[in-house]
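In: Build me a structure from this.
(one chain, ligands or ions: 1)
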Amino acid sequence: MSRTDDDPKSILDEKHKKLLLRFSFALRWLSSKAIFHSFCFLKAMMSLTMLKHGARLLSGLQQAQKQSVCWASTLIVADPGPSAPACAAVTAAKQLNADDTIDLVFVGTQAPQEVPSGVNSVFFYKSAETPTAETVAACVADAASGYDRIIGTSTKFGATVLPRLAALVNASPVTDITSVIDSSTVMRPLYAGNALAKIQIGSELPQVLSFRPTSFDKVPTEAVKNMTEKPAIVFEGSKWEGENVSKSERPDLQSAAVVVSGGRGMGSGENFSLLEELADALGGGAVGASRAAVDAGMVPNDMQVGQTGKVVAPKLYVAVGISGAIQHLSGMKDSKTIVAINKDPEAPIFQVADYGLVGDLFTIVPEMTQKVKS
Ligand SMILES: Cc1cc2nc3c(=O)[nH]c(=O)nc-3n(C[C@H](O)[C@H](O)[C@H](O)COP(=O)(O)OP(=O)(O)OC[C@H]3O[C@@H](n4cnc5c(N)ncnc54)[C@H](O)[C@@H]3O)c2cc1C
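Out: You can find the predicted model right below:
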């Protein structure tokens, strides 16, 4: 028996066929979409992977480029004036990494004639007038590109320039280093020298470090070999107006082999002539002072030795009428031999002194001068 079009069964079959056809179209459409989306997903993943590898490749290339410019390199920021601090900085840099290439940057009105021996190249930023700390920091930041370490000294100059520089090169500085343990571990004093901290230097480059010049031997100087001169990058926000430098015939406090310092016990500025006579008898030493003597107006503040004054480490330091407060000791206790003259046998200065004389300074000092002279 055959089925006709009117046969309800065949009408149902026809409907089924149409439904099946639509369903298969829908399936095909869906699968094509799925393939498309999977393709897009795959493409996105591949792009991401390529981006990731690309970035790695780029940073590798940059690193390689950096290393090809300066292989394990150190840039020393030279103080103005005598090159002694930079000579100590070279020793410190070598202790940190003996294989470092050492270059030096100097910002000033006159090109340096001599540099510490061991310096490879010099970058001189010529300034029409005495550069401000901001100008020096901007020039050093310009020269510092590609260097692993930027090293300064913990002199007044370094203490003014290095924080500004560290901000410009986005580094966290480690300052006033007094000794090097290994290439990433150093010691620095805390609490005016009452404690010593062992510091691990971070691996992020560049490192910005400052060293205490009196704690490191000084390399000799030699004539400049390679020098690149550039105009200074002048910071317009501040201007150098002038300076009022007190002139002294006496040797510089920080480089003298003998320092005779007076404290409040001296009583007056005129009495410091007693110390000058003793310093002369000892071969032309420098004369320093405690902060109490400076604050009392006995002597100018560039003679102050201590935490907020100058840090000295001569072969012989004679402390006269100075009690030995921790802030004073932090500026002189690295001296090779310390002699203290004080009428108070309990004065703390005697705890760091190699030789102590208890008595009136106005009797002891002239007597001592006479004995040294004869
Ligand atoms: C933040 C800060 C930073 C500081 N920075 C420094 C610094 O850089 N340098 C510094 O020196 N101080 C500094 N000080 C000050 C320090 O704390 C002391 O006040 C200062 O060192 C005391 O100076 P002095 O020993 O001359 O005076 P004093 O402490 O008054 O001692 C005078 C001494 O002279 C002796 N004397 C008096 N007459 C005679 C005599 N006829 N013969 C023999 N001996 C006599 C006395 O016995 C006494 O020991 C700082 C303080 C602070 C808070």
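In: Leaving out sequence neighbours, find the closest residue to Gly288.
Out: Excluding the flanking residues, the one nearest Gly288 by C-beta to C-beta, 6 or more residues apart in numbering is Ser261, at 3.7 Å. C-betas here are computed from N, CA, C, even on glycine.
In: typo on my end, Gly269
Out: The shortest distance from Gly269 to any non-neighbouring residue, by C-beta to C-beta, 6+ apart, is to Met298 (4.1 Å).
In: where does the one you found land on pLDDT?
Out: On pLDDT, Met298 comes in at 98.
In: Let me see the backbone angles for Ala133.
Out: Main-chain torsions, Ala133, degrees, to the nearest 10: phi -60, psi -30.
In: So that it lines up with my notes, have the first residue be 7 from now on.
Out: Done: numbering now begins at 7, and the last item shifts to Ala139.
In: okay but it is in contact with Thr166, surely?
Out: Yes: assessed by C-beta atoms under 8 Å, Ala139 is found in contact with Thr166 at 4.3 Å.
In: between the two, which one's more packed in?
Out: More crowded of Ala139 and Thr166, by other C-beta atoms under 10 Å: Ala139, with 18 against 15.
In: Asp148 versus Leu281, what's the distance?
Out: Separation of Leu281 from Asp148 (C-beta to C-beta, to the nearest Å): 45 Å.
In: In contact with the residue nearest to Ser341 when sequence neighbours are not counted, which residues are there?
Out: Counting by C-beta to C-beta, 6+ apart, the nearest residue to Ser341 once its immediate chain neighbours are dropped is Tyr323, at 3.7 Å. Counting by C-beta atoms under 8 Å, 6 or more residues apart in numbering, Tyr323 makes contact with 264-265, 267, 338, 341, 343-345.
In: quick one: which two of those are the most distant?
Out: Comparing every pair within these by C-beta to C-beta identifies Ser267 and Thr343 as the most remote, at 13.9 Å.
In: more crowded one of the two?
Out: Ser267 (32 against 13).
In: So what pairs up with the more buried one in the strands?
Out: Per DSSP bridges, the residues bridged to Ser267 are Gly294, Ala325.
In: Let me know the distance separating it from Met309.
Out: From Ser267 to Met309 the distance is 8 Å (C-beta to C-beta).
In: Need the residues touching each of those two.
Out: With C-beta under 8 Å, 6+ apart, Ser267 and Met309 have common neighbours 293-295.
In: Kindly give a single ChimeraX line that selects the buried subset of these.
Out: Selection of buried members from the shared contacts of Ser267 and Met309 for ChimeraX, criterion 16 or more other C-beta atoms under 10 Å:
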select :293,294,295
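In: Dump the shared contacts of Ser267 and Met309 into TSV; add distance to the ligand as well.
Out: What follows is the shared contacts of Ser267 and Met309, written out as TSV (distance: C-beta to the nearest ligand atom, whole Å):
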residue	distance to the ligand
Val293	14
Gly294	9
Ala295	7
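In: For the shared contacts of Ser267 and Met309, give me a markdown table that also has pLDDT.
Out: Shown next, in a markdown table, are those (pLDDT from 0 to 100):
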| residue | pLDDT |
| --- | --- |
| Val293 | 97 |
| Gly294 | 98 |
| Ala295 | 98 |
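In: next one: the strand or helix carrying Ile370 to chain centre, how far?
Out: Per DSSP states H and E: Ile370 is located in helix 367-379. Using C-alpha atoms, centre = their mean, to the nearest Å, the mean C-alpha position of helix 367-379 is found 43 Å from that of the whole chain.
In: Any buried residues in it, and which?
Out: So for helix 367-379, counting by 16+ other C-beta under 10 Å, buried means 367-368, 370-371, 374-375.
In: Of these, which ones also sit close to the ligand?
Out: Subset of the buried residues of helix 367-379 in contact with the ligand: 367-368, counting by C-beta under 6 Å from any ligand atom.
In: And the buried residues of helix 367-379, which is closest to the ligand?
Out: Leu367 (3.6 Å; C-beta to the nearest ligand atom).
In: Quick check: that closest one touching Ala353?
Out: No: using C-beta under 8 Å, Leu367 is not in contact with Ala353; the gap is 11.7 Å.
In: Contacts made by the helix holding Ile370 with the rest, please.
Out: Under C-beta under 8 Å, 6+ apart, the answer for helix 367-379 is 271-272, 277, 280-281, 283-284, 287-288, 326-327, 347-349, 363.
In: what's downstream of the least confident helix or strand in the chain by mean pLDDT, the next helix or strand?
Out: In the chain, the helix or strand scored least confidently by mean pLDDT, DSSP states H and E is helix 14-75, which has a mean of 52. Later in the chain than helix 14-75, the nearest helix or strand by DSSP H and E is strand 79-83.
In: Show me what the mean pLDDT comes to for the next helix or strand after that following strand.
Out: The helix or strand immediately downstream of strand 79-83 is helix 90-102, counting by DSSP H and E. Averaged over helix 90-102, pLDDT sits at 95.
In: Next secondary structure element downstream of helix 90-102?
Out: strand 107-114.
In: Please save the CA atoms from that next one in PDB.
Out: C-alpha atoms of strand 107-114 as PDB (Å, rounded to 0.1, in the frame of the first residue of the first chain):
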ATOM      1  CA  THR A 107      85.500  49.800  34.900                       C
ATOM      2  CA  ILE A 108      85.700  53.100  36.800                       C
ATOM      3  CA  ASP A 109      84.800  56.400  35.100                       C
ATOM      4  CA  LEU A 110      84.500  59.700  36.800                       C
ATOM      5  CA  VAL A 111      82.100  62.700  36.400                       C
ATOM      6  CA  PHE A 112      83.000  66.200  37.400                       C
ATOM      7  CA  VAL A 113      80.800  69.300  37.200                       C
ATOM      8  CA  GLY A 114      82.400  72.600  37.500                       C
END
